[in-house]
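A.B. asks: can't give you the sequence, but here's the structure:
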């Protein structure tokens with residue numbers, strides 16, 4: 001099988017399975033059949049069953065296909081990639097620290113959806129934002145077709161996943177979640193730029209920043225050993 005086709009196939013299966021299982025047509029029926037508690041397990045199994053082969057296909061065929069761009073020798077881009085990775089790690093860690101009514105496990109009444117704090121002022125989907133930044137950073141430094149498809153999958157999943165969560169949570173939480181949507185943004189930073197949110201010192205995720213810096217330094221050190229290449233070229 002052509003390497004690029006293999007990566008694209010598993011990427012489509014990974015994204016497609018997420019779309020189907022979390023869709024309004026399938027999700028309620030599946031929950032009715034297996035129960036609310038079993039659904040996340042089935043969701044995770046299907047995700048792993050498609051994500052693991054996708055990762056393996058990419059691992060065996062890294063840098064496959066035609067080269068669309070080559071920015072590896074551009075110093076500014078290389079350092080930008082690591083700054084983006086630092087930002088992605090900080091936002092990802094902060095997404096676990098900050099209670100979020102948009103998360104999969106949040107239930108009606110479990111969190112005041114009218115109040116956005118911390119990283120939620122940047123985006124109501126911080127976890128997805130982190131994945132999208134991760135994808136963009138790696139696409140910048142990996143210009144082959146196969147690489148662009150693989151890392152583009154993270155960007156596509158972030159957009160699709162965020163849209164699905166908004167629709168599902170608005171149906172589940174009603175007016176309270178709609179209020180959160182109105183005062184926050186899907187696109188990172190938009191609510192702050194538009195003045196719908198205001199950042200304060202209390203919102204700064206210092207713990208996430210400290211952990212993010214430490215993890216970034218660790219990744220810079222281990223990246224050549226685990227993934228090959230130099231510390232900046234992915």
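C.D. replies: Received, thanks. Just so you know, these numbers come straight off a predicted model, no measurement behind them.

A.B. asks: So for stretch 93-104, mean pLDDT?
C.D. replies: For stretch 93-104, the mean per-residue pLDDT is 78.

A.B. asks: got the contact list for it?
C.D. replies: For stretch 93-104, the surrounding residues in contact (CB atoms under 8 Å, 6 or more residues apart in numbering) are 40, 106, 110-113, 117-120, 124-127, 130, 165-166, 169, 173, 176-177, 180, 205, 207-208, 211-212. Every residue, glycine included, has its C-beta placed from N, CA and C.

A.B. asks: and these, which are buried?
C.D. replies: Taking 16 or more other CB atoms under 10 Å as the criterion, what is buried in the contacts of stretch 93-104 is 106, 111, 113, 118-120, 124-127, 130, 165-166, 169, 173, 176-177, 180, 205, 208, 211-212.

A.B. asks: How about the contacts made by residue 208?
C.D. replies: Contacts for residue 208 (CB under 8 Å, 6+ apart) come out as 90-91, 93-94, 97, 119.

A.B. asks: can you list the weak-confidence ranges in the protein?
C.D. replies: Scanning the chain for pLDDT under 70 picks out 102-114, 228-234.

A.B. asks: quick check: domain ranges of this structure?
C.D. replies: 1-61, 65-227 (automatic domain parsing).

A.B. asks: Just the terminal-to-terminal distance for the last one.
C.D. replies: The distance separating the two terminal residues of domain 65-227, taken as CA to CA, to the nearest Å, comes to 19 Å.

A.B. asks: I'd like to know how far the spatially most central residue of the chain sits from residue 151.
C.D. replies: Centrality entry for the chain: nearest residue to the mean C-alpha point is residue 131, 2.5 Å, by CA atoms, centre = their mean. Using CB to CB, to the nearest Å, one gets 10 Å for the distance from residue 131 to residue 151.

A.B. asks: what do you get for residue 30?
C.D. replies: With distances taken as CB to CB, residue 30 is found 30 Å from residue 151.

A.B. asks: Compare those two (neighbour count), which wins?
C.D. replies: For the pair residue 30 and residue 151, the greater number of neighbours falls to residue 151 (21 against 17), based on other CB atoms under 10 Å.

A.B. asks: For my notes, confirm the more buried one occurs in a helix.
C.D. replies: Yes - per DSSP: H, G, I helix; E, B strand; the rest coil, residue 151 lies within a helix segment.

A.B. asks: List the contacts of it.
C.D. replies: For residue 151, the contact set (CB under 8 Å, 6+ apart) comprises 134-136, 138-139, 142.

A.B. asks: and if we set it to 7 Å?
C.D. replies: Residues near residue 151 by CB atoms under 7 Å, 6 or more residues apart in numbering: 135, 138-139, 142.
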